[in-house]
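J.: Would you be able to build a 3D model of this:
(one chain, ligands or ions: 2)
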Amino acid sequence: MRPFAYERAADARSAVAARAAGAADGAGAVYLGGGTNLVDLMRLGVVSPGVLVDVTRLPSDGVEETAGGGLLIGAAMRNSDLAAHPLVRRRYPMLTQAVVAGASGQIRNMATVGGNLLQRTRCSYFQDVTKPCNKRAPGSGCPARNGDHRNLAVIGQSEACVATHPSDMAVPLAALGAVVHIEGPGGARQVPMPGLHRLPGDTPERDTVLEPGDLITAVELPPLPFAARSRYRKVRDRASFAFAVVSVAAALDVEDGMVKDCRIALGGVAHIPWRAERAESALRGSPATEAAFAQAAAEELAQATPLPHNAFKVPLARNVVVRTLLDLVEAS
Ligand SMILES: Cc1cc2nc3c(=O)[nH]c(=O)nc-3n(C[C@H](O)[C@H](O)[C@H](O)COP(=O)(O)OP(=O)(O)OC[C@H]3O[C@@H](n4cnc5c(N)ncnc54)[C@H](O)[C@@H]3O)c2cc1C
Ligand code: SF4
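T.: Numbering: from 1, shown residues only. Ligands and ions are numbered 1, 2, ... in the order given. Next comes the predicted model:
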């Protein structure tokens with residue numbers, strides 16, 4: 001591993017300044033959260049920054065109630081603390097369930113909210129520096145298309161890249177329309193989810209809309225009373241310590257047997273946490289029945305363009321959407 005310098009930032013502005021100073025030196029500076037993804041990628045030689053700016057000691061490491069009735073989650077908050085927070089568990093159970101479904105207890109104790117959102121794809125070619133990969137080495141090719149793509153994308157992929165975004169946490173955040181707070185060299189701004197992550201197109205090396213030096217400082221959950229009845233369901237190859245093959249975050253507001261409102265997002269199917277807007281539109285005003293759920297899921301997945309070895313994900317995603325929505329109806 002290339003030698004690197006380590007700096008610990010005390011607040012957001014000094015983190016942004018330290019990262020800019022490292023970049024100006026030509027060293028290549030990056031933010032360090034819990035390091036559970038970044039340090040692995042450094043060991044593999046996928047990335048080799050010259051300066052790590054530790055942002056785990058920033059003051060933004062807890063949950064605050066917002067004036068509008070939502071929650072503001074600090075980017076430095078550890079995943080375990082987020083999942084266990086009583087307000088998160090009560091108001092947004094799908095978020096707690098998604099975080100707990102990810103990684104292991106030890107990793108969740110280290111991993112931060114900001115780092116979780118920005119973890120890189122688990123595509124095996126991306127992690128293997130002896131192989132071409134357009135995301136790691138732009139223009140080198142995408143061996144996954146004709147190779148191992150069983151767990152890669154079925155929606156929104158491009159000729160250049162068929163990777164999936166790996167975060168479980170990001171899926172309920174996309175369903176909720178959470179707002180990501182950013183401090184950058186040009187000042188502060190906010191990006192609503194799912195707009196943080198981007199489809200690969202011709203530039204798969206860019207996972208997100210963030211600019212160099214942008215620091216995630218917080219994630220704001222909007223008030224959504226019916227999210228108190230929400231659920232995250234994850235299908236994976238083994239019961240723990242495995243990334244999603246397909247996952248669904250859903251919240252459902254049902255009155256007199258009819259769907260008043262709903263939120264649905266899919267994980268494991270795209271380069272971004274996929275907000276199922278077509279399914280949501282189809283469901284609003286429909287009866288809360290298995291037939292309506294199946295129709296809505298089918299409308300969403302009609303846009304899927306799977307590869308030969310991951311076509312199974314399309315019916316799997318449809319079934320997981322239906323089962324999750326039925327669970328919510330049965331629990332209400
Ligand atoms: C064995 C294993 C199994 C796993 N299983 C799952 C799983 O099932 N589901 C799942 O969702 N995840 C899983 N993970 C991934 C894990 O959740 C991530 O590694 C973790 O969330 C990353 O958080 P971190 O704070 O350690 O980020 P880091 O590794 O420190 O950083 C990740 C990236 O984010 C950047 N960064 C960090 N903080 C900020 C910030 N505030 N602003 C801007 N940039 C920032 C870093 O520069 C880096 O590019 C697994 C990991 C391992 C090792
Ligand atoms: S799918 Fe994306 S990450 Fe995987 S090899 Fe192709 S370009 Fe690289």
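
J.: in the strand or helix carrying Val254, what counts as buried?
T.: In the assignment (DSSP states H and E), Val254 maps to strand 246-255. Of the residues in strand 246-255, 246-254 count as buried by neighbour count, 16 or more other CB atoms under 10 Å. For glycine as for every other residue, the C-beta is placed from the backbone atoms N, C-alpha and C.

J.: Likewise for stretch 35-48?
T.: For stretch 35-48, by 16+ other CB under 10 Å, it's 35-38, 41-42, 46-47.

J.: Those residues also near ligand 1: which ones?
T.: Filtering the buried residues of stretch 35-48 for neighbours of ligand 1 using CB under 6 Å from any ligand atom leaves 35-38.

J.: Run through who's touching the helix or strand bottoming out on mean pLDDT in the chain.
T.: Least confident helix or strand of the chain, by mean pLDDT, DSSP states H and E, is helix 12-24 with a mean of 91. For helix 12-24, the surrounding residues in contact (CB atoms under 8 Å, 6 or more residues apart in numbering) are 5, 7, 9, 28-31, 49-51, 53, 55, 58, 60, 183-185, 212-213, 215, 217.

J.: same check, this time on stretch 274-284
T.: 155-156, 174-175, 194, 259-267, 292-293, 295-297, 299-300, 302-303, 321, 325.

J.: List buried residues within the residues you listed.
T.: 155-156, 174-175, 194, 259, 261-267, 292-293, 296-297, 300, 321, 325.

J.: out of these, which touch ligand 1?
T.: Applying CB under 6 Å from any ligand atom to the buried ones among the contacts of stretch 274-284, none is adjacent to ligand 1.

J.: Now, those residues that are in strands?
T.: In strands, defined here by DSSP state E, the members of the buried ones among the contacts of stretch 274-284 are 259, 261-267.

J.: would you turn the residues you listed into CSV with distance to ligand 2?
T.: Output for these, formatted as CSV (distance: CB to the nearest ligand atom, whole Å):
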residue, distance to ligand 2
Val259, 36
Asp261, 35
Cys262, 31
Arg263, 28
Ile264, 25
Ala265, 21
Leu266, 18
Gly267, 17
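
J.: of those residues, closest to Arg90?
T.: Arg263 (17.0 Å; CB to CB).

J.: measure the closest one to Tyr92 for me?
T.: The gap separating Arg263 from Tyr92 is 11 Å, by CB to CB, to the nearest Å.

J.: ditto for Ala227
T.: 5 Å.

J.: Name the residue in the two with the higher neighbour count.
T.: Tyr92 (27 against 23; other CB atoms under 10 Å).
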